[in-house]
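Enquirer: 3D, please:
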Amino acid sequence: MSLTFAVHQPSFAPWPGFFYKAFNVDKFVLLDDVQFPTGFSWVNRNRIKGPKGVIWLTVPVLKKGRGLQQIKDVELLDEPKWRKKHLLTFGHCYRIAPFFSEIFTFLEGLYKDPPKKLIEFNLKIIDFIAEKLDLNDKFLLQSELGIKGKHSELIYNIAKALGAKTFIAPRPAKGHLDIEFLNSHNIKVKWLDYRAIYYPQLWGDFLKDLSILDLLFCYGSYSKNIVFNNKRSKEIWKQNI
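Expert: Numbers count the residues shown, from 1 in each chain. I've put the predicted structure just below:
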């Protein structure tokens, strides 16, 4: 059986679908040696939920005078104000959540003594979440593999480095991949369908595709039973809320 893999940019506090994809592959390569987007990017922002609905959290980074940067080179803005604001927002939104103390203790430690680079900041959050979801040893950095390339060529180069023959991609990516090119290099593409998984949330009606931190504050390590389609969320909620 051939090794399967997927790729994704290293998002800030990713949504549940990010980890669902990791669950369904042998190796998940985080694309840190590609260009940091000049416009909107999930690499340094995401959404949580508060009493009045969606709240956007943005991690400020240094851009001025730096031109086009690779994700792995982007540095955090060394300013306590935004970090304090994030922590206050987490407290405001989730203090009554069943697993608030467990998740907030981690975030508080990270925000009070953050690394210099965005990639390191994001990886600490991803690694923490991966541990909660039992997804250890899934993640690799593109830069660690020493691989360059663009689009389908990059996918092929990663497959070659991993010794993999099957690339798992979300169906919406179909229009962005050169399937014929990959098949000609013996790389099979399989499509992964993901539907937003409902779970009872704080603050009213369910909102889909928030940062998985929303789920973790409410369910802690039980979150893996929800992300990976085990319908135990209502029972867990009743036991802990």
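Enquirer: now the residue nearest the centre of the chain: which helix or strand?
Expert: The centroid of the chain falls nearest to Pro14 when counting by C-alpha atoms, centre = their mean (2.8 Å). Under DSSP states H and E, no helix or strand contains Pro14.
Enquirer: so it versus Gly204, what's the distance?
Expert: Pro14 is 23 Å from Gly204, where distance means C-beta to C-beta, to the nearest Å. Quick note: C-beta positions are derived from backbone N, CA and C, even for glycine.
Enquirer: likewise for Phe19?
Expert: 25 Å.
Enquirer: which one of these two is surrounded by more residues?
Expert: Counted by other C-beta atoms under 10 Å, Phe19 and Gly204 do not tie: Phe19 has more neighbours, with 24 against 10.
Enquirer: and that one, what does it touch?
Expert: 129-130, 133, 135, 212, 227 (C-beta atoms under 8 Å, 6 or more residues apart in numbering).
Enquirer: for this structure, which helix or strand comes out least confident on mean pLDDT?
Expert: helix 233-240 (a mean of 42; mean pLDDT, DSSP states H and E).
Enquirer: for Asn229, give me the pLDDT.
Expert: What the model reports as pLDDT for Asn229 is 68.
Enquirer: how close does the residue lying farthest from the centre of the chain get to Pro115?
Expert: Distance from the C-alpha centroid of the chain, by C-alpha atoms, centre = their mean, peaks at Ser184 (30.7 Å). The gap separating Ser184 from Pro115 is 41 Å, by C-beta to C-beta.
Enquirer: likewise Asp26?
Expert: Asp26 is 28 Å from Pro115, by C-beta to C-beta.
Enquirer: check Lys21 too.
Expert: Lys21 is 25 Å from Pro115, by C-beta to C-beta.
Enquirer: the helices in the protein, which residues?
Expert: Taking DSSP state H to define them, one finds helices in the chain at 16-23, 80-94, 100-112, 118-132, 142-145, 151-162, 179-184, 212-219, 223-227, 233-240.
Enquirer: just name the most buried of the ones you listed.
Expert: helix 212-219 (a mean of 27; mean count of other C-beta atoms under 10 Å).
Enquirer: shaky segments in this protein?
Expert: Applying pLDDT under 70 to the chain flags the ranges 1, 229-241.
Enquirer: again, 80 this time
Expert: Flagging of the chain using pLDDT under 80 yields the residue ranges 1-2, 175, 229-241.
Enquirer: coming back round to it: more neighbours: Asp26 and Pro115, which one.
Expert: Set Asp26 next to Pro115 and count neighbours by other C-beta under 10 Å: Asp26 wins out with 17 against 14.
Enquirer: that one and Leu135 touch, don't they?
Expert: No - with contact defined as C-beta atoms under 8 Å, Asp26 does not count as touching Leu135 (11.5 Å).
Enquirer: show me what contacts the residue nearest to the centre of the chain?
Expert: 8, 42, 46, 126, 129, 211-212.
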